[in-house]
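J.: Build me a model:
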Amino acid sequence: MKEKFYSYIQDLQDRITANLEAIDGEAVFKEDLWRREEGGGGRTRVIENGAVFEKGGVNISKVHGPLAPAMQKHFGVGDVDFFACGLSLVIHPKNPMVPTVHANWRYFEMYDKDGTTVDSWFGGGQDLTPYYLFEEDAKHFHQICKSACDRHDPSFYPDFKERCDEYFWNAHRDEARGVGGLFFDYLRPSEGVDEEAWYDFVTDVGDSFLEAYLPIIEKRKDLSYSPKQRNWQEIRRGRYVEFNLVHDKGTLFGLKTNGRIESILMSLPPHVQWVYDHHPEPGSEEEKLVEVLRQPRSWI
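T.: Below is the predicted model:
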């Protein structure tokens, strides 16, 4: 399974970067191949200073080796080896009317020292972080997510949508990072759902990403915006950074397993602000967004 899924994310990375380059029309992804001393490596692709995308990364990795003590404690296991592969992306558009997007699809295995598999699972999801709320965009994104889920089990969307709202929650701010999407983890073989079925589901969600995000970019990328709106975007990006550095499991996993720092922190935007005790003006479009972030809602 691990080689099958790694082959899939290699192809998905190619498809996503080609489509994003086409929609930007100016910048191209710079590829950076890297190796991990303990085992494995990755293919980082970053786009910067484009006509549409201020910064973005679409990265794949395949790493393996002894599981670090901190992660042994986290998983409640002893001295085991692990294998992990996945695709992770974050796109920060220049125009504040275009939302930031994040997605990740991954596969993980653990082994005893004799090579016997101890555990394996899939995880991932995709979520949208707007700076100005266009409800039709949120509805479109969620509808694509729901359609991908419904092809496998009608219970998946409400379950994984709720998990997304819970996971991408900036607890220290008491607000969501964005308007959500899907989040799932520890998808293990069980009665009625084998490993192939989970593979089919996760890859279906991965294949849906471009359909979920590209139409939103096309609709918003040429809208005009003011310096005030750009300023708001940078303030809200600060909340995005806070979540990634304080709460995000993927970031913490990478740091605790001697991951590549440049690839891990690729998700951070290039221009960001922290303004002391900042609050949006009452009745403004900015306040409209914050009200939705304080109370996650149904979009379908």
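
J.: Output the below-cut-off pLDDT ranges for the stretch 151-300 of the chain.
T.: 191, 257-258 (pLDDT under 70).

J.: just the helices in it please.
T.: Here the stretch 151-300 of the chain has its helices, by DSSP state H, counting those that start in this stretch, at 156-167, 195-220, 227-246, 249-256, 261-264, 285-294.

J.: so what's the residue nearest to E54 when sequence neighbours are not counted up against?
T.: Nearest residue to E54 in three dimensions, chain neighbours excluded: K94, at 4.3 Å (Cβ to Cβ, 6 or more residues apart in numbering). Just so you know, the C-beta spots here come from the backbone N, C-alpha and C atoms, and that holds for glycine as well. Shown in contact with K94 (Cβ atoms under 8 Å, 6 or more residues apart in numbering): G50, A51, V52, F53, E54.

J.: if you skip the residues just before and after it, what's nearest to the first one?
T.: The shortest distance from G50 to any non-neighbouring residue, by Cβ to Cβ, 6+ apart, is to A27 (2.9 Å).

J.: Tell me the secondary structure of the one you found, please.
T.: coil (DSSP: H, G, I helix; E, B strand; the rest coil).

J.: burial measure for it, as a count.
T.: If you count neighbours by other Cβ atoms under 10 Å, A27 ends up with 19.

J.: sorry, back to before: any idea which of the helices of the stretch 151-300 of the chain gets closest to S88?
T.: Checking those against S88 by Cβ to Cβ gives helix 249-256 as the closest, at 6.6 Å.

J.: Which secondary structure elements does the closest one sit against?
T.: Applying 3 or more Cβ pairs under 8 Å, 6 or more residues apart in numbering; DSSP states H and E, one finds that helix 249-256 contacts helix 69-75, helix 261-264.

J.: The last one packs against which elements?
T.: Helix 261-264 sits against strand 30-35, strand 40-48, strand 53-66, helix 249-256, with contacts defined as 3+ Cβ pairs under 8 Å, 6+ apart.

J.: Packed most tightly, which of the ones you listed would that be?
T.: strand 53-66 (a mean of 22; mean count of other Cβ atoms under 10 Å).

J.: Neighbouring strands - and their directions - for that strand?
T.: strand 40-48 (antiparallel), strand 81-93 (antiparallel) (DSSP bridges).

J.: check contacts around S267.
T.: Counted by Cβ under 8 Å, 6+ apart, S267 has contacts G57, S88, V90, H102, N244, T251.

J.: Recalculate using a threshold of 10 Å.
T.: 55-57, 59, 88-92, 100, 102, 240-241, 243-245, 248, 250-251 (Cβ atoms under 10 Å, 6 or more residues apart in numbering).

J.: could you dump the helices and strands packed on helix 261-264 to JSON lines with distance to D207?
T.: As requested, those are exported to JSON lines (distance: least, Cβ to Cβ, whole Å):
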{"stretch": "strand 30-35", "distance to D207": "22"}
{"stretch": "strand 40-48", "distance to D207": "19"}
{"stretch": "strand 53-66", "distance to D207": "15"}
{"stretch": "helix 249-256", "distance to D207": "21"}
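
J.: out of the ones you listed, which comes closest to F160?
T.: Short answer: helix 249-256, nearest of the helices and strands packed on helix 261-264 by Cβ to Cβ, at 15.6 Å.

J.: which stretch among the helices and strands packed on helix 261-264 comes nearest R188?
T.: That would be, of those and by Cβ to Cβ, helix 249-256, which comes in at 16.9 Å.

J.: helix/strand/coil for Y107?
T.: Assignment for Y107 (three-state DSSP): strand.

J.: Please look at it and C85 and confirm they touch.
T.: Yes - using Cβ atoms under 10 Å as the test, Y107 is close enough to C85 to be in contact (5.6 Å).
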